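[1] structure for the following, please:
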Amino acid sequence: MTKPSISIIMPVYNVQRYVAAAIESVLAQTFGDFELVIVDDGGSDRSVEICASYADPRIRIISQRNRGLAGARNSGISAARGEYIALLDADDSWIPEKLALHKIHLDNNPYVGVSYCGSRFMDAEGTLLRQAQRPKLENITARDILTRNPIGNGSAPVIRKSALATIAFEHPDERGRECFFDEGFRQSEDIELWIRMALTGGFRFEGIDGLLTHYRIVSGGLSANIAAQYDSWNRVMVKTMAHAPEFVARYGDEARAFQLRYLARRAVQMGDGAFALILLKEAFAVSFKPLVREPVKSAFTFVAAAAARYLPNDFVNRLADGWTGGRVLR
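    Predicted coordinates:
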């Protein structure tokens with residue numbers, strides 16, 4: 001078989017509600033020279049059955065015991081035959097032009113190792129919200145990756161496979177298993193990879209215009225989820241400190257403040273204003289950099305958190321309509 005230009009890696013684990021929309025967004029791409037590598041990560045619902053119902057010859061399904069998102073992505077990347085690796089989470093989706101635009105970008109800029117884009121948020125039902133991730137696109141430094149993570153989410157990047165090869169390592173407990181993402185992380189595995197790639201050097205991160213990814217926000221277990229996410233992010237910082245102590249010493253507080261502000265915004269999205277205010281207080285106790293670098297966004301986050309904490313729910317929902325295009329995601 002002819003090797004495809006792009007290999008799309010899509011881990012699947014108990015996502016039967018969303019996976020069909022993700023697959024259909026792939027099959028609707030205007031650029032068709034791809035393979036979709038679906039990694040069955042040992043789930044228990046009908047997700048894989050739904051995947052198998054698509055007869056397109058470009059789709060491959062590989063199965064494994066549950067390894068988590070990092071492990072599923074590693075298995076998919078190792079099995080990939082394409083020059084470029086596109087990541088897609090099974091609860092997200094793409095606009096039809098996404099792959100074509102990234103391929104043009106990477107083909108014409110051989111120094112770019114990771115091409116990414118902005119993303120539009122959607123709710124659990126797939127309704128698009130007004131809120132979006134519009135990241136910095138050019139002149140990306142390791143500091144940008146650590147403090148602001150312009151890639152944004154796991155369904156935004158398309159990566160040159162040769163760039164991934166430069167940071168690959170053998171699994172510490174499984175001889176011969178090649179890893180790109182660190183399987184010791186069940187969250188924050190993507191930011192750990194981007195930081196490691198940025199510090200290694202030899203290629204660039206660069207974004208392209210447009211909100212080409214639709215990123216789903218699903219409510220549920222907010223406080224516990226944020227606590228777990230923050231704990232995982234702290235572990236990334238500890239790992240990075242071990243091999244780049246001067247870098248973390250210089251930018252670590254700034255990164256922590258931005259991370260806490262990001263988590264505060266997630267709390268606001270779910271309607272937990274009290275928790276959001278606590279997170280903001282902690283953020284600015286660490287560093288004022290988010291307020292200095294992004295005063296409008298920081299101030300707006302504080303106002304939204306205070307509104308969610310102190311104002312009636314109906315009024316907050318009307319305010320949320322102007323921010324997200326929908327009700328507060330409770």
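[2] contacts and neighbour counts: CA atoms only from here.
    Noted.
[3] okay, now the domains of the protein?
    6-216, 222-323 (automatic domain parsing).
[4] report the contact partners of G118.
    Contacts here follow CA atoms under 8 Å, 6 or more residues apart in numbering; on that basis G118 touches 132-135, 151-152, 156, 207-213.
[5] for ChimeraX, write a command that selects the buried ones of the residues you listed.
    In ChimeraX, this line selects whichever of the contacts of G118 come out buried by 16 or more other CA atoms under 10 Å:
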select :132,133,134,135,151,152,156,207,208,211,212,213
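[6] the contacts of G118 in strands, which ones?
    Of the contacts of G118, the ones assigned to strands by DSSP state E are 132-133, 207-213.
[7] tell me the one of these nearest A72?
    Nearest to A72 among those is T213, at 20.5 Å by CA to CA.
[8] hey, what's that closest one bridged with?
    When bridges are called by DSSP bridges, T213 pairs up with W94, S119.
[9] would you confirm that it contacts P96?
    No - contact status for T213 versus P96: not in contact, 9.7 Å apart, counting by CA atoms under 8 Å.
[10] on that earlier part again, out of the ones in strands among the contacts of G118, show me where the pLDDT dips lowest.
    pLDDT across the ones in strands among the contacts of G118 is lowest for A132, at 89.
[11] that one: what's it in contact with?
    A132 makes contact with 118-121, 211, according to CA under 8 Å, 6+ apart.
[12] quick check: the gap between the closest residue to it other than its chain neighbours and N108.
    Closest residue to A132 apart from its sequence neighbours, by CA to CA, 6 or more residues apart in numbering: R120 at 4.4 Å. Per CA to CA, to the nearest Å, R120 is found 26 Å from N108.
[13] show me which of those two is the more surrounded one.
    R120 (19 against 10; other CA atoms under 10 Å).
[14] that one: what's it in contact with?
    Contacts of R120 (CA under 8 Å, 6+ apart): 128-133, 211-215.
[15] where does the residue nearest in space to the middle of the chain land on pLDDT?
    With the centre of the chain defined as its mean C-alpha position, the nearest residue by CA atoms, centre = their mean is N153, 1.8 Å away. Looking at N153, its pLDDT stands at 94.
[16] what's it sitting at in phi/psi?
    Torsion angles at N153 (phi, psi; degrees, to the nearest 10) stand at phi -150, psi 170.
[17] what does Y111 give?
    The phi/psi pair for Y111 (degrees, to the nearest 10) reads phi -80, psi -10.
[18] which residue, other than its chain neighbours, is closest to it?
    F203 (5.4 Å).
[19] what sits against D41?
    Contacts of D41 by CA under 8 Å, 6+ apart are 11-13, 63-68, 72.
[20] among those residues, name the ones in strands.
    Those of those mapping onto strands are 11-12, 63, per DSSP E.
[21] contacts for stretch 200-208?
    Counting by CA under 8 Å, 6+ apart, 101-102, 105, 111-118, 135-140, 151, 163, 167, 198 sit against stretch 200-208.
[22] just the buried ones from the residues you listed?
    The neighbour-count test (16+ other CA under 10 Å) marks 101-102, 105, 112-118, 135-137, 140, 151, 163, 198 as buried among the contacts of stretch 200-208.
[23] quick one, helices of the stretch 151-300 of the chain?
    161-165, 189-200, 222-243, 245-269, 273-286, 289-293, 295-310 (DSSP state H, counting those that start in this stretch).
[24] indicate which one of those helices is closest to D92.
    Of these, nearest to D92 by CA to CA is helix 189-200, at 15.6 Å.
[25] can you give me the buried ones in that closest one?
    Neighbour counts over helix 189-200 (16+ other CA under 10 Å) mark 189-199 as buried.
[26] relative to the whole chain's centre, how far out is that helix?
    Average the C-alpha atoms of helix 189-200, do the same for its chain, and the two points are 13 Å apart (CA atoms, centre = their mean, to the nearest Å).
[27] same deal with stretch 85-96?
    10 Å.
[28] so E282 sits against Y262, correct?
    No - counting by CA under 8 Å, Y262 is not a contact partner of E282; they are 11.9 Å apart.
[29] these two: which is more packed in?
    Ranked by neighbour count (other CA under 10 Å), E282 and Y262 place Y262 first, with 19 against 16.
[30] just the pLDDT for that one.
    Predicted confidence (pLDDT) for Y262: 92.
[31] before we move on, what about L329?
    Looking at L329, its pLDDT reads 42.
[32] what of A124?
    The score at A124 is 86. That number is its pLDDT.
[33] which residue packs closest to it, ignoring adjacent ones?
    A124 sits nearest to V218 (CA to CA, 6+ apart), 5.3 Å away.
[34] swap in S298?
    Spatial nearest neighbour of S298, excluding adjacent residues (CA to CA, 6+ apart): L291 at 5.6 Å.
[35] I figured that neighbour hits F302, correct?
    No - the pair L291 / F302 is not scored as a contact, 10.6 Å apart, by CA under 8 Å.
[36] all set now, cheers.
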